[in-house]
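Visitor: Next input, structure requested:
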Amino acid sequence: TDDFGGNDTETVSITVIAVADTPNLSSSDITGDEDVATLIDLSSSLNDTDGSEYLTLYFTSIPDGCSLSNGTDNGDGSWTVLPEELAGISLLTPLHFNSELNYYTERYGYGLSGSLNLPVTAVATESSNGDQSSVSTSFEATINPVQDSPELYQIGDQSTLEASTISIELTAIDPDEDDLVFGADMLNDGNELGSVVIEILGEYGNGTGLETTTLTLSPPDNDWWGDEDISVFVTDGIALDNEVFTLTFISVNDPPVMSDVENQSTDEDVDFSIVVCATDVDLETDPEILDFSVMTGDISLVTIQTDSVNVNCHEIIFDVQDDQNGETDITICTVDLGGLADCNNIVLTVNAVNDAPILSSVDNYSTNEDSDLTISVSASDVDIAENGQSLGFSLECSGDDELVETSCLSTGDDSADCTFDVQDEQ
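Guide: Numbers count the residues shown, from 1 in each chain. Coordinates of the predicted model:
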């Protein structure tokens with residue numbers, strides 16, 4: 001339009017570009033107990049209520065091991081939560097975590113400690129063009145401890161050989177990181193064979209929540225074997241965990257021990273016997289385990305037999321051979337069913353005894369007057385060969401001494417020529 005009443009008109013288009021309005025977001029620090037979900041105190045809403053925008057919330061750093069009760073896990077530590085999922089949304093922490101722990105990461109592998117700071121962002125998005133506006137906040141989550149019992153790692157039944165000490169590593173975890181105390185006891189205290197010796201070695205009670213010590217178990221003596229029930233426990237002073245396991249000391253064959261046997265002596269042709277005994281701790285459980293044997297170094301001097309007296313003694317019977325004397329070594333052994341043996345070596349002396357000679361038969365003889373007579377005689381004696389003896393011979397007349405004179409001349413160890421010297425004219 002101008003001053004003279006003239007005008008002209010043109011129509012133009014004006015576009016108002018939608019811009020997302022910053023949404024509302026508020027939160028409060030939360031407190032909860034370990035091992036249960038903790039309700040999150042969080043609210044968020046759009047300021048633009050004409051329906052052109054939609055709201056999305058992002059929890060951008062959920063700690064490893066934690067999760068949300070609602071929403072979508074994005075796999076990178078962040079969660080996406082829609083407005084309709086906010087109602088009742090809770091934080092879930094890993095087992096036994098609480099904000100007072102010092103060694104949780106070492107024990108469970110999750111990088112958690114103290115109160116957890118949880119950032120969250122609310123994003124309003126304009127549906128028409130995707131324009132976005134956001135606001136962020138964070139809140140602290142404090143997780144309180146709840147009394148937990150210590151947990152003893154499984155031990156299982158154990159075994160070792162007789163006369164051996166066994167060492168077992170004991171490990172226990174305490175979620176509350178309390179100082180732990182280990183203990184052990186034998187359940188069968190009335191065992192007449194004796195009690196297993198129990199010791200717990202090493203340091204413990206350091207409050208790290210994961211503690212290890214060593215349990216050593218020894219038999220009451222080196223010959224003890226069998227089964228015993230052992231109770232092991234761990235306590236934090238309030239709660240206790242325990243396990244009962246069977247400890248087996250496996251029987252090992254023990255060698256017999258023979259009593260000392262002295263050297264023996266006897267006279268020629270005189271048999272005799274002795275009793276030898278042995279001990280073996282395994283006789284308590286098997287009375288038929290011992291056998292005895294004897295070896296002689298000279299069977300021409302003595303032969304030997306054994307005869308059982310009782311479970312751990314035998315009679316040794318020495319049969320001295322006729323007309324024999326001298327010395328020989330004797331080995332007396334006892335052996336058990338497992339082949340273990342104990343032996344004694346002794347010397348047997350058979351004393352020589354003089355044996356009477358035996359004269360060979362002599363016939364009757366006759367001779368003429370003034371004719372002398374010589375005869376050969378012989379005799380036997382075991383001592384000639386055994387002891388190097390030699391025989392002497394003599395000839396005596398029991399009749400008329402004036403008729404003959406007699407004499408003998410040795411011709412060897414066991415023979416002689418004997419002469420009848422007939423006196424003249426007799």
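
Visitor: longest strand of the protein?
Guide: strand 132-144 (DSSP state E).

Visitor: Name the residues of that strand that are buried.
Guide: Buried positions in strand 132-144, judged by neighbour count with 16 or more other Cβ atoms under 10 Å: Ser133, Ser134, Phe139, Ala141, Ile143. The way it works is simple: take the backbone N, C-alpha and C, and place the C-beta from them, glycine included.

Visitor: I'd like the distance from that strand to the chain centre, please.
Guide: Offset of strand 132-144 from its chain centre (Cα atoms, centre = their mean, to the nearest Å): 58 Å.

Visitor: If you tally nearby residues, what's the number for the closest residue to Val257 other than its chain neighbours?
Guide: Setting aside the residues directly before and after it, Val257 is nearest to Thr279 in space (Cβ to Cβ, 6 or more residues apart in numbering), at 5.1 Å. Using other Cβ atoms under 10 Å, Thr279 has 14 other residues around it.

Visitor: how near is Thr279 to Asp254?
Guide: Counting by Cβ to Cβ, to the nearest Å, the gap from Thr279 to Asp254 is 10 Å.

Visitor: now swap in Pro150 and tell me
Guide: From Pro150 across to Asp254, the span is 42 Å (Cβ to Cβ).

Visitor: go on, Ile230?
Guide: 24 Å.

Visitor: Same question for Ser195.
Guide: Noted for Ser195: a distance of 21 Å to Asp254, by Cβ to Cβ.

Visitor: do Glu34 as well
Guide: 56 Å.

Visitor: Could you list the low-pLDDT ranges of this protein?
Guide: 189-194, 286-288, 386, 401, 426 (pLDDT under 70).

Visitor: Please, where are all the helices along it?
Guide: 104-108, 382-387 (DSSP state H).

Visitor: and of these, who's closest to Asp413?
Guide: Judged by Cβ to Cβ, the one of those that comes nearest to Asp413 is helix 382-387, at 5.3 Å.

Visitor: List the buried residues for that closest one?
Guide: Buried residues in helix 382-387, counting neighbours by 16+ other Cβ under 10 Å, are found at Val382, Asp383, Ile384.

Visitor: Likewise for stretch 26-39?
Guide: The neighbour-count check on stretch 26-39 (16+ other Cβ under 10 Å) flags Ser27, Ile30, Gly32, Glu34, Asp35, Ala37, Thr38 as buried.

Visitor: With distance to Asp64 as new columns, can these be given to me in a markdown table?
Guide: Putting those into a markdown table (distance: Cβ to Cβ, whole Å) gives the following:
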| residue | distance to Asp64 |
| --- | --- |
| Ser27 | 22 |
| Ile30 | 19 |
| Gly32 | 18 |
| Glu34 | 16 |
| Asp35 | 17 |
| Ala37 | 18 |
| Thr38 | 17 |
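
Visitor: Once you drop chain neighbours, what's closest to Ser136?
Guide: For Ser136, ignoring the flanking residues on the chain, the nearest one in space by Cβ to Cβ, 6+ apart is Thr121 at 4.4 Å.

Visitor: Same question for Asn344.
Guide: Nearest one to Asn344, counting by Cβ to Cβ, 6+ apart, is Val261 at 4.4 Å.

Visitor: now do Glu151
Guide: Ile173 (5.0 Å).

Visitor: again with Ser69
Guide: Ser90 (4.2 Å).

Visitor: Give me the distance between Glu126 and Leu25.
Guide: From Glu126 across to Leu25, the span is 18 Å (Cβ to Cβ).

Visitor: Likewise for Asp131?
Guide: As for Asp131, its distance to Leu25 is 18 Å (criterion: Cβ to Cβ).

Visitor: Over to Ile155?
Guide: 53 Å.

Visitor: Please apply the same query to Val120.
Guide: Distance of Val120 to Leu25, given as Cβ to Cβ: 7 Å.

Visitor: between these two, what contacts are shared?
Guide: Leu42, Leu57, Ser136, Thr137 (Cβ atoms under 8 Å, 6 or more residues apart in numbering).

Visitor: quick check, nearest of those residues to Asn242?
Guide: Comparing the shared contacts of Val120 and Leu25 against Asn242 with Cβ to Cβ places Leu42 closest, at 44.4 Å.

Visitor: That closest one contacts Ser90, correct?
Guide: No. Taking contacts as Cβ atoms under 8 Å, Leu42 lies outside contact range of Ser90: 10.7 Å.

Visitor: neighbour-wise, which of these two wins?
Guide: Ranked by neighbour count (other Cβ under 10 Å), Leu42 and Ser90 place Leu42 first, with 20 against 15.

Visitor: Now do the contacts for the residue nearest to the more buried one when sequence neighbours are not counted.
Guide: Spatial nearest neighbour of Leu42, excluding adjacent residues (Cβ to Cβ, 6+ apart): Ser27 at 4.5 Å. Neighbour list for Ser27: Ile40, Asp41, Leu42, Ser43, Val120, Thr137, Ser138, Phe139 [criterion: Cβ under 8 Å, 6+ apart].

Visitor: try it again with 7 Å
Guide: Neighbouring residues of Ser27 by Cβ atoms under 7 Å, 6 or more residues apart in numbering: Asp41, Leu42, Val120, Thr137, Phe139.

Visitor: how near is Ser410 to Cys397?
Guide: 20 Å.

Visitor: ok so, going back, just to check, the residue nearest to Glu151 is in contact with Gly209?
Guide: Yes. Checked against Cβ atoms under 7 Å, the pair Ile173 and Gly209 is within contact range at 6.3 Å.

Visitor: of these two, who's got more company?
Guide: Counting neighbours by other Cβ under 10 Å for Ile173 and for Gly209 shows that Gly209 has the greater number, 23 against 20.

Visitor: how near is the spatially closest residue to the more buried one that is not a sequence neighbour to Ser99?
Guide: Leaving aside its chain neighbours, Gly209 sits nearest to Glu177 (3.9 Å; criterion: Cβ to Cβ, 6+ apart). Noted for Glu177: a distance of 12 Å to Ser99, by Cβ to Cβ.
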